[in-house]
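Chemist: give the three-dimensional model of this entry:
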Amino acid sequence: MRRSFFLMLIMTFSLFARYEAVPAGNCPAFNNMKHTQNSHDVHLNTSREYTVLQHHKGQFLVLVKGEQPAQRWVDECCFSTKKDTSDTYNTKKYETSGEPQDLLLALSWHNAFCETHRNRKECRQPLFGFASKRYSESHFVLHGLWPQPQNNSYCDVDASLVTLDRHGQWNRLPHLALSERTIGGLSHFMPGFSSNLHRHEWIRHGTCYGKDAEHYFRDIIALMEQFEQSGVNEYFVKNQGKRVTLAQVRHLFDRRFGPGSGKRVEMKCRQGLVTELWLHLGSKGDDLASMLKNGKPVRSRCQSGIVDRAGYGK
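Modeler: Model (predicted):
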């Protein structure tokens, strides 16, 4: 009897908790709280009222009549006029002065990254072992381009977005208005694109770059294309399973990008594996070689490491 009473009380509360509201923006409406699926690409209409069913962990569950499923999750800011709720990020709001600045181009050896991040989308092994090799298995891939110094981050970014980013909820960060060409370049050079790494990189670092998101990523892709053509990747592929030294890597950069460029290269290692190369670039120059030449010489704690093969535990 007591159980039935409480059940009726909860149902009554739920009924009265519902209300009608008009969204403040054309927010995407997702099937789940993790925002991993949006069947039929549903967006709320600012000229319609929606039944709000529930509020939980910064999101609202709303009823979208005529859709399957009809119950959809949207960010709580969608029903607030105090925040920008557009699903496309207004990048121009975060432009800085555009003054020249030193940069750090971070490149990841993806095989080593996946040794400790096996559950990430970009690290999942293909269903069949005979599937064609992926680009990331034989190339350094894009981590990010970071204006220096490293504490130069989150420029004019709303505190709510900073919180989402720092908690790794990149799927809840706003969509970026990027061209198809730029999206194609990021999909090629940045495996983490599938995990919304590009949204994180823009929010934390790109907002301090001095250009909008389109030009920020376009500049990065141009640098990645130059690095890809340098032959550095081939050296690491030939040495998979073997140990390489910082001295060897810096000598390689001197040969491919000009004398002295190797001093601007920092090698990162973890558990004995080479994980990243950090290229310290100067503000002067319009290509990777000249930017390396004008970068600041750096020290590297990692002096040698194994080049990891594709697959786990190799």
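
Chemist: what's near enough to touch the nearest residue to S261 once chain neighbours are set aside?
Modeler: Once flanking residues are discounted, S261 sits nearest to L292: 4.0 Å by CB to CB, 6 or more residues apart in numbering. Bear in mind the C-beta positions are built from the backbone N, C-alpha and C, glycine included. The contact partners of L292, taken as CB atoms under 8 Å, 6 or more residues apart in numbering, are F253, F257, G258, S261, R264, L279, H280, L281, G282.

Chemist: show me which of the residues you listed are buried.
Modeler: For the contacts of L292, a burial check counting by 16 or more other CB atoms under 10 Å picks out F253, F257, S261, R264, L279, H280, L281, G282.

Chemist: what's the closest of these to P191?
Modeler: Of all these, P191 sits closest to L279, with 18.8 Å by CB to CB.

Chemist: distance-wise, check that closest one relative to V244.
Modeler: 16 Å (CB to CB, to the nearest Å).

Chemist: please apply the same query to G282.
Modeler: Taking CB to CB, one finds G282 at 26 Å from V244.

Chemist: one more: Q150?
Modeler: 26 Å.

Chemist: those two - which one has more neighbours?
Modeler: V244 (19 against 9; other CB atoms under 10 Å).

Chemist: quick check: domain ranges of this structure?
Modeler: Per automatic domain parsing, the structural domains of the chain span 2-86, 93-306.

Chemist: contact partners for the residue nearest in space to the middle of the chain?
Modeler: In the chain, the residue lying closest to the centroid (CA atoms, centre = their mean) is L197, at 1.1 Å. Shown in contact with L197 (CB under 8 Å, 6+ apart): H143, G144, W170, M190.

Chemist: and what of N32?
Modeler: So, once contact is read as CB under 8 Å, 6+ apart, N32 ends up touching W73.

Chemist: quick check: mean pLDDT of stretch 202-212?
Modeler: Stretch 202-212 carries an average pLDDT of 95.

Chemist: would you mind writing the CA trace of that stretch as CSV?
Modeler: Taking Å, rounded to 0.1, in the frame of the first residue of the first chain, the C-alpha atoms of stretch 202-212 are listed here in CSV:
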residue,chain,number,x,y,z
TRP,A,202,39.4,25.1,-31.0
ILE,A,203,37.9,26.0,-27.6
ARG,A,204,41.2,25.7,-25.7
HIS,A,205,43.8,26.8,-28.2
GLY,A,206,42.2,28.1,-31.4
THR,A,207,40.4,30.9,-29.7
CYS,A,208,43.8,32.4,-28.9
TYR,A,209,45.1,32.1,-32.5
GLY,A,210,43.8,35.4,-33.9
LYS,A,211,41.7,33.9,-36.7
ASP,A,212,38.3,32.2,-37.0
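
Chemist: what are the boundaries of the helices in the protein?
Modeler: 2-17, 110-115, 159-166, 180-189, 197-204, 213-228, 232-238, 246-257, 288-293 (DSSP state H).

Chemist: got the angle between the fifth one and helix 159-166?
Modeler: Comparing the axes of helix 197-204 and helix 159-166 via axes from the mean of the first three to the mean of the last three CA atoms, to 10 degrees yields an angle of 130 degrees.
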